[in-house]
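> 3D, please:
(one chain, ligands or ions: 1)
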Amino acid sequence: MKKYKIALLPGDGIGPEIAQEARKVLAAIEVRGQMEFECAEAAFGGAAYMQTGRAFPEQTMEICDAADAILKGPIGLSKEEADQIPIDEQPERGALLPMRRRYDTFANYRPVYLPKGLAHFSPLKAEVVGDGIDLLMIRELVGGLYFGHKERGKDDAGRRYVRETLEYDEVQIARILHVAFGEAQKRKRVLHNVHKSNVLLSSVLWNQVLEEVAGEYPQVEVRHIIVDAAATALCLDPRQFDVMVMENMMGDILSDLGGGILGSLGLMPSACVGPDKAYYEPAHGSAPDIAGRGIANPYSMIGSVALMLETSFGRVEEARAVWSALEGVFADGYATADLAVEGATVLDTAGFGDKVVERLRA
Ligand code: NAD
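Predicted coordinates for the structure are as follows:
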């Protein structure tokens, strides 16, 4: 029987609640797919800092290093809590960015997906999204403003200043573009390149590299769109997009907009893939506003399990079964609190997970 080692990092806020549902799904998949998951749980983020004084403790690194894949819940503290701990140990700076750097997870896949039968969850008009939403955002994840040189201090006049640099080199740009072209080639052969070359030099280089890489994918049509226009276009009519590629910060912002047009961030799983290791996480944060109430939507975390099954373990059939179970629960008329449309029976976090497992066992 094939055995896979998973590092499970429940994280902060709603993280442990939705990670619990992912565990249930993994158990159901073990039986169904005749495989074994060895899950090692480890602290990461704010909770890890409280326990050990480090947001990404040594022991967690060892567990992640030894794993075949990492399944991560959201991390993050409320502003008030974060203000209590040193700036370098705050969850994103102390754990998330170091994890991305450690495993060089440059390719972030963020499916923005709502099947036809669930289109009523979207806040967009039925005539626009009646057939559902299906696009894929590819975000560069280890470069740009988030990873460039940073400094802060006081200038000669005694004024506080901050300097953060947006850095990319051509190799970094080319490798994410190859990922995006590859995905576009597998889908509708249209790639939207999201940029800001009217203002940013980084986008000028990005677009030059794109021209070079595009030569290797003659079947893919490239359409250029400036990031601010892309935000509007996504709200007005997401049907015009299939695969979109963008640098780190643009992807951070536009993919949350993706959650908005689906109806909830709770519908946004993601895969963060590096040359040797990948980790999987909901695209949303730790939702401190609803943590501990048992009402978080675990779809994003369970969808991240599906992405892990397919991408890291090559178990396409089991991944499909998870997607189909997730969709099936909604199609049966259930919803979580964030998606509570008229007529739906609202399930709590555990209740939704149970229904997914029931379908996987059926
Ligand atoms: P958030 O994504 O946590 O929440 C935004 C809104 O969406 C909230 O109203 C929340 O209740 C709702 N929401 C999010 N996920 C949901 C789910 N699964 N089910 C139902 N509702 C859901 O964004 P925020 O409030 O700006 O950030 C909270 C913390 O998360 C911050 O500390 C932030 O830094 C962190 N964060 C972490 C990650 C990550 O771990 N990759 C990503 C984004 C934000």
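
> Would you mark the buried spots in stretch 65-76?
Ala67, Asp68, Ala69, Ile70, Leu71, Lys72, Gly73, Pro74, Ile75, Gly76 (16 or more other CB atoms under 10 Å). Where you see a C-beta, it was placed from the backbone N, CA and C, and this is true even at glycine.

> Mind telling me what element Glu310 is part of?
helix 299-311 (DSSP states H and E).

> and that helix, does that touch the ligand?
Yes: applying CB under 6 Å from any ligand atom, one finds that helix 299-311 is in contact with the ligand at Ser300.

> Counting by contacts, list what that helix packs against.
Applying 3 or more CB pairs under 8 Å, 6 or more residues apart in numbering; DSSP states H and E, we find helix 299-311 packed against helix 15-33, strand 69-72, strand 107-114, strand 269-273, strand 278-282, helix 316-331, helix 349-361.

> need these in TSV with mean pLDDT and distance to Ala296, can you?
Formatted as TSV, the helices and strands packed on helix 299-311 follow (pLDDT from 0 to 100; distance: least, CB to CB, whole Å):
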stretch	mean pLDDT	distance to Ala296
helix 15-33	96	5
strand 69-72	98	15
strand 107-114	98	19
strand 269-273	98	14
strand 278-282	98	10
helix 316-331	97	15
helix 349-361	98	5
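
> Adding distance to Met250, write the ones you listed out as CSV.
Shown next, in CSV, are the helices and strands packed on helix 299-311 (distance: least, CB to CB, whole Å):
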stretch, distance to Met250
helix 15-33, 26
strand 69-72, 22
strand 107-114, 12
strand 269-273, 15
strand 278-282, 19
helix 316-331, 27
helix 349-361, 31
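
> Format these as a markdown table; extra columns: distance to the ligand.
Formatted as a markdown table, the helices and strands packed on helix 299-311 follow (distance: least, CB to the nearest ligand atom, whole Å):
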| stretch | distance to the ligand |
| --- | --- |
| helix 15-33 | 6 |
| strand 69-72 | 7 |
| strand 107-114 | 10 |
| strand 269-273 | 8 |
| strand 278-282 | 5 |
| helix 316-331 | 13 |
| helix 349-361 | 8 |
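
> List the residues that contact the closest residue to Ala306 other than its chain neighbours.
Closest residue to Ala306 apart from its sequence neighbours, by CB to CB, 6 or more residues apart in numbering: Val322 at 4.0 Å. Listed by CB atoms under 8 Å, 6 or more residues apart in numbering, the contact set of Val322 reads Val25, Ile29, Ile302, Gly303, Val305, Ala306, Leu309, Val356, Leu360.

> Under a three-state scheme, what state does Asp134 occupy?
strand (DSSP: H, G, I helix; E, B strand; the rest coil).

> should've said Asn198
Applying three-state DSSP to Asn198 yields a three-state assignment of coil.

> and it, how many residues sit next to it?
9 (other CB atoms under 10 Å).

> you'd agree it is up against Asp228?
No: using CB atoms under 8 Å, Asn198 makes no contact with Asp228, being 9.7 Å away.

> Based on its surroundings, how many neighbours for Gly215?
7.

> Next up, phi/psi of Lys196, please.
Lys196 adopts backbone torsions of phi -150, psi 50, taken as degrees, to the nearest 10.

> Pretty sure it sits against Ile226.
Yes: the criterion here is CB under 8 Å, and Lys196 meets it with Ile226 at 6.0 Å.

> Run through the strands of the stretch 151-300 of the chain in chain order.
Along the stretch 151-300 of the chain, the stretches classed as strands by DSSP state E, counting those that start in this stretch are 160-164, 190-195, 221-226, 243-246, 269-273, 278-282.

> Of the ones you listed, flag the one that's most buried.
strand 243-246 (a mean of 28; mean count of other CB atoms under 10 Å).

> Leaving aside the residues adjacent along the chain, what's closest to the residue of the stretch 51-200 of the chain found nearest the ligand?
Among all residues of the stretch 51-200 of the chain, Gly76 sits closest to the ligand, at 2.4 Å; criterion: CB to the nearest ligand atom. Excluding the flanking residues, the one nearest Gly76 by CB to CB, 6+ apart is Ser286, at 4.1 Å.
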